[in-house]
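K.L.:
Okay, structure incoming, though there's no sequence with it:
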Ligand code: C2O
Ligand code: CU
């Protein structure tokens, strides 16, 4: 069987739309968008519980594993620099096993990082994670983080089941920018899933893959590439609902786009040719707004955009994903086509918002001239134990530190994709400056702080950060969760000088 997303790659795939699964209907945009409830306290408690979630418009609700009963979980909203404790209580069935919660994008101690094999949350127990929302002496910038499960080998399954939620950090200083706020500031989490006829989620992980550990390495026991796209879905959901609509006034809106799909990438577009004005990444504002007709986001990537609905009264604007760019070229591998949601634009209304021509972007480190570490992302090899995804030829070994940057130092890392498909590479611990993309200055939307980069085959991206505040183990990995679970992850330890 050849994969439709990765021609040339073989694997055992779950054939979508096969018997017993729900075929996606043409989106009718008949259910309203759900904006998850917001929690704001400095001490937050979120039980992890099974719940039945209204995802598809008809038929029974979908049983899922959730943070506090909904998918996405509640949106946590905190001021920059506001020390935050979130206690997660594991009330999921025992067979779910231990969990680990990672706040993606944030800077915090290793014990609070949602490690894949240590500091776990065992069934029936609870664990408090502390997020100071500071970088050294400075509060973090206004950000759009998200929290999700990070248990080794099970991250794809646990995210598929629903363990995902959003986390917005507000910088009080940004208020004077007069960006759209309140109901006009909407976090949108895009994620795909497949369903059985009874609206239960399919279980792409039940039938395989046949993975094994040997010498601390993970290997696929079949032939050829590991079955990497188990966790792609037939239905693309927005805030956990299939093809929702949302009523908006003909004013400016701020949309915070997050791709929380386990594997799939999207190239976002608006139906009337209206551009997005990108003002930020997930980790703060850009220096200047950038007008973009389409925006590619791979798993875990975010974009903070303004959409101006002025002049659209009475029209419907559809947010969709197209796998090709304006010139008709394919956008990475695995980028999917789908209609996602509809904005029903109502009347004009007073709009106090503005679109500033310059923005307060977080300060960037000065990048050292020398590269201190190169990370190669590849299909690792095919030994007698099987095949595995790898970084620098090795699959994930939680017991091994692949690199030891010193606390206080600034390092420049080179990320190279030597495989034949696109990967989305995420680095924990710090927020990173993109120094070079394929030898050139990165595009304007990549000139602020990042934590996840798209790497097409052959791409080389150089990034830099200062290791501040915390020593100990952190992870670098592909955020396509099947790749992460199948070995494309490595540990680095920040050490004292
Ligand atoms: Cu969003 Cu290491 O994860
Ligand atoms: Cu990958």
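P.N.:
That came in fine, so what should we check first? Predicted model, so just to flag it, every value in this text is computed and none were measured. Ligands and ions are numbered 1, 2, ... in the order given.

K.L.:
Which residues does stretch 50-69 contact?
P.N.:
22, 28, 30-31, 46-49, 70-71, 73-74, 88, 92-93, 96, 147, 158, 161-165, 193, 195, 198-201, 235, 237, 240-243 (CB atoms under 8 Å, 6 or more residues apart in numbering). In this view, the C-beta of every residue, glycine as well, is placed from N, C-alpha and C.

K.L.:
mind checking the end-to-end distance for it?
P.N.:
Stretch 50-69 stretches 7 Å from its first residue to its last (CA to CA, to the nearest Å).

K.L.:
Tell me how far it lies from the chain's centre.
P.N.:
Its chain's average C-alpha position is 21 Å from that of stretch 50-69, according to CA atoms, centre = their mean, to the nearest Å.

K.L.:
looking only at pLDDT, what's the mean for that stretch?
P.N.:
Taken as a whole, stretch 50-69 has a mean pLDDT of 97.

K.L.:
ditto for stretch 178-186
P.N.:
97.

K.L.:
Just the buried positions in that stretch, please.
P.N.:
179, 180, 184, 185, 186 (16 or more other CB atoms under 10 Å).

K.L.:
Pass me the low-pLDDT residue ranges in the protein, would you?
P.N.:
1-19, 207-229, 381-387 (pLDDT under 70).

K.L.:
in the sheet, who's paired with the residue of it found nearest ligand 1?
P.N.:
Nearest residue of the chain to ligand 1 (CB to the nearest ligand atom) works out as residue 104 at 3.5 Å. Beta bridges link residue 104 to residue 146 when assigned by DSSP bridges.

K.L.:
Residues of the stretch 1-150 of the chain that sit close to ligand 1?
P.N.:
Proximity of the stretch 1-150 of the chain to ligand 1 is confined to 102, 104, 148, 150 under the rule CB under 6 Å from any ligand atom.

K.L.:
Please tabulate those residues in CSV, including the columns neighbour count, secondary structure and distance to ligand 2.
P.N.:
Converted to CSV, these look like this (neighbours: other CB atoms under 10 Å; DSSP: H, G, I helix; E, B strand; the rest coil; distance: CB to the ion, whole Å):
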residue, neighbour count, secondary structure, distance to ligand 2
102, 24, strand, 17
104, 24, strand, 16
148, 26, strand, 16
150, 28, coil, 16
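
K.L.:
List just the nearest of the buried residues of stretch 178-186 to residue 248.
P.N.:
Comparing the buried residues of stretch 178-186 against residue 248 with CB to CB picks out residue 184 as the nearest, at 7.7 Å.

K.L.:
wait, isn't that closest one in contact with residue 255?
P.N.:
No - between residue 184 and residue 255 there is no contact under CB atoms under 8 Å: 9.5 Å.

K.L.:
sorry, back to before: name the nearest of the buried residues of stretch 178-186 relative to residue 294.
P.N.:
When the buried residues of stretch 178-186 are compared against residue 294 (criterion: CB to CB), the nearest one is residue 186, at 19.4 Å.

K.L.:
Report the secondary structure state of that closest one.
P.N.:
With DSSP: H, G, I helix; E, B strand; the rest coil as the basis, residue 186 sits in strand.

K.L.:
Tell me which residues touch it, please.
P.N.:
33, 35, 246, 253, 254, 255, 256.

K.L.:
and the two most separated of those residues?
P.N.:
Farthest pair in the contacts of residue 186, by CB to CB: 33 and 254, 14.8 Å.

K.L.:
Please report the distance of the most centrally placed residue in the chain from ligand 2.
P.N.:
The residue lying closest to the centre of the chain (CA atoms, centre = their mean) is residue 300, at 1.3 Å. Look at residue 300 and ligand 2: by CB to the ion, to the nearest Å, they are 11 Å apart.

K.L.:
Farthest-apart pair in the residues of the stretch 1-150 of the chain next to ligand 1, please.
P.N.:
Using CB to CB, the pair of those lying farthest apart is 104 and 150, separated by 8.8 Å.

K.L.:
quick one on the thing from earlier: of the contacts of stretch 50-69, keep whichever come out buried.
P.N.:
Buried residues within the contacts of stretch 50-69, counting neighbours by 16+ other CB under 10 Å: 22, 31, 46, 48-49, 70-71, 73-74, 88, 92, 96, 147, 158, 161-165, 193, 195, 199, 201, 235, 237, 240-243.
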